[in-house]
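Trainee: Mind folding the following:
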Amino acid sequence: MTKIENGTWVLIADGEKALFMVNETDGEDPYFQVFREEEQENPPNRDQAANRRGRFNDGPSVHRSAVDDTDWHQLSKDRFAAELAEILYKQAHKGKFDKIVLVAPPNTLGELRREMHQEVANKVVGEIPKTLTNHPIEEIENIVKSTLEAA
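Mentor: Residues are numbered from 1 along each chain as shown. Next comes the predicted model:
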């Protein structure tokens, strides 16, 4: 059972948007204050891809195989997670936070973990694999509190 303490940071992120919040009260009745927002424009892959999928010959026969094109949309999401990890590292290095809770969809959470510096990883007190970026803050507070208490 983890309680979110006063001063704990909460990062709510997905592949395109992130809210950096701090808990202004105790774990019994959390009150999250947004202090920074990050957003990137990431249109669907079909709008980013320039070419049709490639094809190649399978040797001397007439058979041809399709080649998957790069998923630019997913690549952009991964880069955004890396940017967030860099922001967290810089803030942790400056001593801006001692504890943080990460809330993101499983893929983004995994990418954040992969890119995260050890100094930040040591400050993570909870992870919630959910997409909450478009939820009202009050609802986010309740979901984070109940999920951490159940853990």
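Trainee: Could you use CA atoms for every contact and neighbour count after this?
Mentor: Fine.
Trainee: Cross-check the contact I'm expecting between residue 117 and residue 89.
Mentor: Yes. With the criterion set as Cα atoms under 8 Å, residue 117 and residue 89 qualify as a contacting pair; they are 6.3 Å apart.
Trainee: From residue 30, how far off is the closest residue to residue 85 other than its chain neighbours?
Mentor: With sequence-adjacent residues excluded and distances taken as Cα to Cα, 6 or more residues apart in numbering, residue 85 is closest to residue 116, at 5.1 Å. As defined by Cα to Cα, to the nearest Å, residue 116 lies at a distance of 26 Å from residue 30.
Trainee: Over to residue 103?
Mentor: Applying Cα to Cα, the value for residue 103 to residue 30 is 15 Å.
Trainee: helices or strands up against the host helix or strand of residue 120?
Mentor: Using DSSP states H and E, residue 120 falls within helix 118-121. Contact analysis of helix 118-121 by 3 or more Cα pairs under 8 Å, 6 or more residues apart in numbering; DSSP states H and E lists helix 72-93 as its packing neighbours.
Trainee: Give me the pLDDT value at the residue nearest to residue 85.
Mentor: In this model, residue 116 is scored at 95, pLDDT.
Trainee: and if you look at residue 105?
Mentor: Per-residue confidence (pLDDT) for residue 105: 94.
Trainee: can you check the one 5 residues further on too?
Mentor: Reported pLDDT at residue 110 in the predicted model: 92.
Trainee: which residues does it contact?
Mentor: By Cα atoms under 8 Å, 6 or more residues apart in numbering, the contact list for residue 110 is empty.
Trainee: Which secondary structure state does it sit in?
Mentor: Under DSSP: H, G, I helix; E, B strand; the rest coil, residue 110 falls in the helix class.
Trainee: Quickly note the distance from it to residue 30.
Mentor: Shown here: residue 110 relative to residue 30, a distance of 26 Å by Cα to Cα.
Trainee: Just read off the phi/psi values of residue 115.
Mentor: In this entry, residue 115 is assigned phi and psi values of phi -90, psi -10 (degrees, to the nearest 10).
Trainee: That one: neighbour count?
Mentor: With neighbours defined by other Cα atoms under 10 Å, the count for residue 115 comes to 18.
Trainee: my read: it touches residue 85, true?
Mentor: Yes. Between residue 115 and residue 85 there is a contact at 6.0 Å, judged by Cα under 8 Å.
Trainee: Overlap in contacts, the two.
Mentor: Overlap of the contact sets of residue 115 and residue 85 (by Cα under 8 Å, 6+ apart) is empty.
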